[in-house]
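[1] sequence and predicted structure below; questions after.
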Amino acid sequence: MPRRSAALTRTRILEAATTTFKAQGFARTSVREIAAAAEADPALVIRHFGSKELLFLEAMRAGIGPRTVADVPLPQLGRRFVAELLDGDVDTRGVFLALLRGSDTTEIGRRLRSVHEEEFVTPLRTRMTGPDAELRARLAAALVGGLLYSLWVVGDEDLLAADHAQIVERYGALLQELLTPTEPTSRRR
């Protein structure tokens, strides 16, 4: 059998890890399993990535959400973001679930918090105005997290079967109200 280059071996290990982690999560995946899928020695997995946890973080680097946060005008973001989540690809779901399942380990928990802050809260906050923009950005992230939890963790069958247009309209309106309130918060009671 011809010898593979180190770069090719690393790429194959990373591809095998990404697929396996998305399907099984962090805890249920072993280094030996990844090595077998990559047709590599388990020692090479550790040599290339240092540990299973570091390999996981590299494999899940893709992020967990649509890139719409920075790309869509703020007044249209609520509905558009919800629509993209509902129509999202299997990869986004797999990354989200893998990160969530592994979040009890220190580095993976840090990565999940980092993704939350860097890919959602901070980009939103920089686009929002008002004295309570920080709070509204965090509430928006919590609202989106609730939808992901219901769809992908709990697997709410009624919600999964519901008309996407109706979910986009209703849930998107809730998200939009946090992003661009129709009434100044100082007047609310």
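    Right, received. Where do you want to start?

[2] buried set for the helix or strand harbouring residue 8?
    Here residue 8 sits within helix 6-24, counting by DSSP states H and E. Residues of helix 6-24 classed as buried by neighbour count (16 or more other Cβ atoms under 10 Å): 9-10, 12-14, 16-22. All C-beta atoms are positioned from the backbone trio N, CA, C, and that covers glycine.

[3] state the number of residues packed around residue 117.
    14 (other Cβ atoms under 10 Å).

[4] wait, what's in contact with it?
    Contact partners of residue 117, counting by Cβ atoms under 8 Å, 6 or more residues apart in numbering, are absent.

[5] tell me where the model's unsure across the protein.
    Along the chain, the parts satisfying pLDDT under 70 run over 1-4, 62-68, 89-91, 184-189.

[6] count of neighbours near residue 158?
    Neighbours of residue 158 (other Cβ under 10 Å): 7.

[7] distance of the closest residue to residue 160 other than its chain neighbours from residue 115?
    For residue 160, ignoring the flanking residues on the chain, the nearest one in space by Cβ to Cβ, 6 or more residues apart in numbering is residue 151 at 6.3 Å. Remark: distance between residue 151 and residue 115 (Cβ to Cβ, to the nearest Å) = 18 Å.

[8] which of the buried residues of helix 6-24 lies closest to residue 139?
    Using Cβ to Cβ, residue 22 comes nearest to residue 139 of the buried residues of helix 6-24, at 28.9 Å.

[9] just to check, the closest one is in contact with residue 99?
    No: in this structure residue 22 lies outside contact range of residue 99 using Cβ atoms under 8 Å: 10.1 Å.
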